[in-house]
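Chemist: okay, predicted coordinates and the sequence, questions at the end:
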Amino acid sequence: MLKKIFLSLLLALILSGGYSQNAKHVVLIGLDGVSSEGFQYARTPVMDELIRNGSLSLITRSVIPSVSAPNWATILSGAGPEQHGVTSNEWSFSNEPFEPTVKDSEGYFTSIFTIIRKQAPKAITGMFYDWDWLGTFINPGCVTESKYVQGYRNVTPLAANFFKANKPLFTFVYYSHPDEVGHQTGHGTQAYYQSITDVDSEIGILVAALKESGMYQSTCILVVSDHGGINKGHGGESRVEMEVPWLINGPGIGKNRLLQNPNDQFNTAPTIARLLGLKQPMEWIGRPDTEAFLLSSDKNRKFKKYIAKPSCSLKEGVYPSAQTIELGTLSTEATIYYTLDGSTPEIHSTKYTGSIKIDKNCIVSAIALSGNNSSQVAIWRFTFLKGVSEVTLTNPPSPTYPGTGALSLFDGLIGSSNFKGKQWMGWEGNDFEAIVDFGQNKEIHGVGLDVLQQPASWIFLPSMIEFYTSSDGMNFTQVASYNPSEIDDIRKNGPVLLARMFEGLNTRYLRIKAFNIGTCPAGHPGEGGKAWLFISEIEVE
């Protein structure tokens with residue numbers, strides 16, 4: 001008899017991949033718009049405690065495009081956009097670019113709620129969220145209780161009361177707050193970091209409710225995000241947009257473990273299915289993240305612990321004079337080491353002991369170390385202007401594409417074909433006008449303007465560029481103009497340098513005006529819509 005029991009347990013262990021399935025409940029907490037970088041710079045005592053008793057990935061990748069709907073569809077369904085068909089936030093049943101690979105009788109792709117309803121039909125499940133789109137992707141017939149409310153703080157009591165009243169098998173709780181703040185004030189701002197802290201407090205209420213209901217010890221909690229952001233937008237392919245935190249805590253999960261293996265959004269639903277002992281459907285392409293689970297082989301394996309990456313008191317960019325920076329990390333037990341030449345810092349690099357004065361172009365790289373554990377490397381680029389005292393923009397760029405400030409027009413960094421890169425400033429329907437103060441009279445032989453031409457993205461060359469000079473910064477005289485359409489060999493798609501040469505030009509102030517074409521031309525798919533003008537650099541010779 002004992003032999004049969006042993007063989008049964010051994011077979012179960014083999015079938016489960018060598019790790020235990022101890023969760024009686026799973027709670028998936030979704031944070032919209034939280035990048036791995038933003039997560040490390042925000043104060044999150046509740047999630048920090050979950051990490052100390054769980055596992056964390058900082059290198060989980062979003063699917064493309066890095067916007068909400070495709071990623072939440074992926075997180076909840078274990079498959080990418082090419083399977084579930086959600087390719088934008090505009091997706092709906094009446095506006096789907098192509099059919100998903102699998103549909104149920106009501107037209108929905110297979111989600112985690114679907115397989116729970118099929119394989120555990122009596123199980124209680126819940127879904128509480130403050131972005132109404134989520135209710136369009138999940139088949140409501142597969143969810144015991146699904147409620148949309150406005151305001152992230154209104155989500156928490158619904159979920160907490162649901163735990164206490166029902167002890168559900170699976171619950172999805174979603175907060176849009178960080179994404180909303182990122183769009184309003186910008187990612188990387190103090191308000192954005194505070195929004196993550198705000199949601200951390202809500203998670204604390206959920207954890208308390210799980211403990212009060214008696215569920216906590218048998219519940220696996222996953223906290224995941226969909227994408228990060230740059231400035232006030234996202235959707236690009238930068239690391240800060242594509243890499244997000246992925247946290248898992250609960251029975252059978254390794255403690256204080258920093259996950260090193262590649263991970264993707266579509267592994268989330270398969271991991272939940274494995275926790276609950278459910279069979280994964282064929283249409284899912286993801287797989288459980290086994291690195292987080294306690295394995296028999298873990299006894300001889302050393303796992304890294306999470307250390308928050310260093311932060312800098314000064315935003316990277318261009319400055320007219322010497323600056324002082326301070327470094328820090330939320331991992332108070334860690335020591336920071338840094339370099340100023342762009343090389344990767346390590347324990348033999350300069351130890352940070354206090355503020356650092358910088359007065360020349362440099363790349364500051366910093367790492368936080370605690371024993372054998374290290375943070376991700378943080379990098380900031382600082383440029384100091386030479387020969388330019390001030391740059392003033394008459395018309396500010398769009399908040400969506402603000403670049404990194406007027407002085408960055410002289411940082412020597414030319415924008416690429418990716419208009420979402422931080423080197424680019426964009427003006428929608430408006431003109432560009434910059435007034436440059438050289439501090440003293442300067443002899444000028446040529447002026448170049450680095451612009452972008454990308455008609456497919458509604459980005460066009462300026463219709464005209466004008467140059468003006470002044471001795472007092474108030475009264476300007478036009479000295480030249482330049483019509484890009486008169487040049488035959490201009491690049492048709494990508495970055496373009498529009499240059500004008502001068503002879504005997506000597507001035508303290510230079511005004512450059514680049515005129516937006518206004519609207520997309522006739523025959524263009526966006527005909528009549530506002531055209532964009534993108535500029536990354538002013539080059540003065």
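Modeler: Good, I have the coordinates. Numbers count the residues shown, from 1 in each chain.
Chemist: state the number of residues packed around residue 312.
Modeler: Using other Cβ atoms under 10 Å, residue 312 has 18 other residues around it. C-beta here means a position set from N, CA and C on the backbone, and glycine is covered the same way.
Chemist: how far away is it from residue 353?
Modeler: 16 Å (Cβ to Cβ, to the nearest Å).
Chemist: do you know how far the nearest residue in space to residue 153 that is not next to it in sequence is from residue 216?
Modeler: Nearest residue to residue 153 in three dimensions, chain neighbours excluded: residue 202, at 6.8 Å (Cβ to Cβ, 6 or more residues apart in numbering). Look at residue 202 and residue 216: by Cβ to Cβ, they are 16 Å apart.
Chemist: what does residue 461 give?
Modeler: The value you get for residue 461 to residue 216, if Cβ to Cβ is used, is 61 Å.
Chemist: pLDDT below threshold where in the stretch 201-350 of the chain?
Modeler: By pLDDT under 70, the weakly predicted segments of the stretch 201-350 of the chain are 296-297.
Chemist: can you give me the strands for it?
Modeler: Ranges of strands within the stretch 201-350 of the chain are 219-225, 243-249, 257-258, 263-264, 311-312, 317-319, 323-325, 327-328, 335-339, 350-351, based on DSSP state E, counting those that start in this stretch.
Chemist: sorry, back to before: more neighbours: residue 202 and residue 216, which one.
Modeler: residue 202 (22 against 17).
Chemist: check the gap between that one and residue 56 for me.
Modeler: From residue 202 to residue 56 the distance is 19 Å (Cβ to Cβ).
Chemist: likewise residue 301?
Modeler: 17 Å.
Chemist: out of these two, which sits in the busier spot?
Modeler: More crowded of residue 301 and residue 56, by other Cβ under 10 Å: residue 56, with 25 against 8.
Chemist: for the host helix or strand of the more buried one, which strands pair with it and how are they oriented?
Modeler: Secondary-structure assignment from DSSP states H and E places residue 56 in strand 54-61. Using DSSP bridges, strand 54-61 pairs in its sheet with strand 243-249 (antiparallel), strand 257-258 (parallel), strand 263-264 (parallel).
Chemist: just the CA trace of stretch 498-513, in CSV.
Modeler: Only the C-alpha atoms of stretch 498-513 are listed here, as CSV (Å, rounded to 0.1, in the frame of the first residue of the first chain):
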residue,chain,number,x,y,z
LEU,A,498,18.6,70.5,-43.6
ALA,A,499,21.7,72.8,-43.7
ARG,A,500,22.4,76.4,-44.8
MET,A,501,25.9,77.8,-45.3
PHE,A,502,26.9,81.4,-44.5
GLU,A,503,29.8,83.7,-45.2
GLY,A,504,30.8,86.5,-42.9
LEU,A,505,27.9,86.0,-40.5
ASN,A,506,28.6,87.2,-37.0
THR,A,507,25.9,87.4,-34.3
ARG,A,508,25.1,86.8,-30.6
TYR,A,509,21.5,85.8,-31.1
LEU,A,510,20.2,83.4,-33.8
ARG,A,511,16.5,82.8,-34.5
ILE,A,512,15.5,79.7,-36.5
LYS,A,513,11.9,79.2,-37.7
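Chemist: any idea which residue is closest to the centre of the protein?
Modeler: Nearest residue to the geometric centre of the chain (Cα atoms, centre = their mean): residue 228, 1.3 Å.
Chemist: any idea how far that one lies from residue 181?
Modeler: Counting by Cβ to Cβ, the separation of residue 228 from residue 181 is 13 Å.
Chemist: tell me, what's touching those two both at once?
Modeler: Residues touching both residue 228 and residue 181 by Cβ atoms under 8 Å, 6 or more residues apart in numbering: residue 33.
Chemist: could you find the closest non-adjacent residue to residue 520?
Modeler: Using Cβ to Cβ, 6+ apart, the closest residue to residue 520 is residue 526 (4.0 Å).
Chemist: pull the number of nearby residues for the one you found.
Modeler: 15.
Chemist: for residue 344, same thing?
Modeler: 10.
Chemist: now do residue 151
Modeler: A total of 9 residues lie near residue 151 under the criterion other Cβ under 10 Å.
Chemist: next: residue 455.
Modeler: Neighbours of residue 455 (other Cβ under 10 Å): 16.
Chemist: also residue 503?
Modeler: Residues near residue 503, counting by other Cβ under 10 Å: 7.
Chemist: the residue nearest to the centre of the chain contacts residue 32, correct?
Modeler: No. Using Cβ atoms under 8 Å as the test, residue 228 is too far from residue 32 to be in contact (10.6 Å).
Chemist: quick one: which helix or strand includes residue 178?
Modeler: Going by DSSP H and E, residue 178 is in helix 177-185.
Chemist: got the domain boundaries for this structure?
Modeler: Domain segmentation of the chain under automatic domain parsing yields 12-300, 311-384, 390-540.
Chemist: ranking those by mean neighbour count, which comes first?
Modeler: domain 12-300 (a mean of 20; mean count of other Cβ atoms under 10 Å).
Chemist: quick one: it to chain centroid distance?
Modeler: 16 Å (Cα atoms, centre = their mean, to the nearest Å).
Chemist: repeat for stretch 427-444
Modeler: 32 Å.
Chemist: could I get the average pLDDT for it?
Modeler: The predicted model gives stretch 427-444 an average pLDDT of 94.
Chemist: tell me the confidence at the nearest residue to residue 195 once chain neighbours are set aside?
Modeler: Leaving out its chain neighbours, the residue that sits closest to residue 195 by Cβ to Cβ, 6+ apart is residue 181, at 4.0 Å. Residue 181 carries a pLDDT value of 97.
Chemist: how much space between residue 181 and residue 300?
Modeler: Separation of residue 181 from residue 300 (Cβ to Cβ): 44 Å.
Chemist: low-confidence ranges in the stretch 1-150 of the chain?
Modeler: If you take pLDDT under 70 as the line, the stretch 1-150 of the chain has these spans: 1-22.
Chemist: quick one: the strands in it?
Modeler: Going by DSSP E, counting those that start in this stretch, the stretch 1-150 of the chain shows strands at 25-31, 54-61, 125-129, 145-148.
Chemist: mind checking those for the one nearest to residue 451?
Modeler: strand 54-61 (32.1 Å; Cβ to Cβ).
Chemist: what's the closest one in contact with?
Modeler: Contacts of strand 54-61 (Cβ under 8 Å, 6+ apart): 36, 39-40, 221, 224, 242-250, 253-259, 262-265, 289, 291-292, 306, 376.
Chemist: switch the cut-off to 6 Å
Modeler: 36, 242-249, 253-254, 257-259, 263-264, 292, 306 (Cβ atoms under 6 Å, 6 or more residues apart in numbering).
Chemist: stretch 355-362 too?
Modeler: Against stretch 355-362 from outside (Cβ under 6 Å, 6+ apart): 322, 323, 324, 325, 326, 340, 382, 383, 384.
Chemist: including distance to residue 115, could these go into JSON lines?
Modeler: Output for these, formatted as JSON lines (distance: Cβ to Cβ, whole Å):
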{"residue": "322", "distance to residue 115": "60"}
{"residue": "323", "distance to residue 115": "55"}
{"residue": "324", "distance to residue 115": "56"}
{"residue": "325", "distance to residue 115": "51"}
{"residue": "326", "distance to residue 115": "50"}
{"residue": "340", "distance to residue 115": "53"}
{"residue": "382", "distance to residue 115": "51"}
{"residue": "383", "distance to residue 115": "53"}
{"residue": "384", "distance to residue 115": "58"}
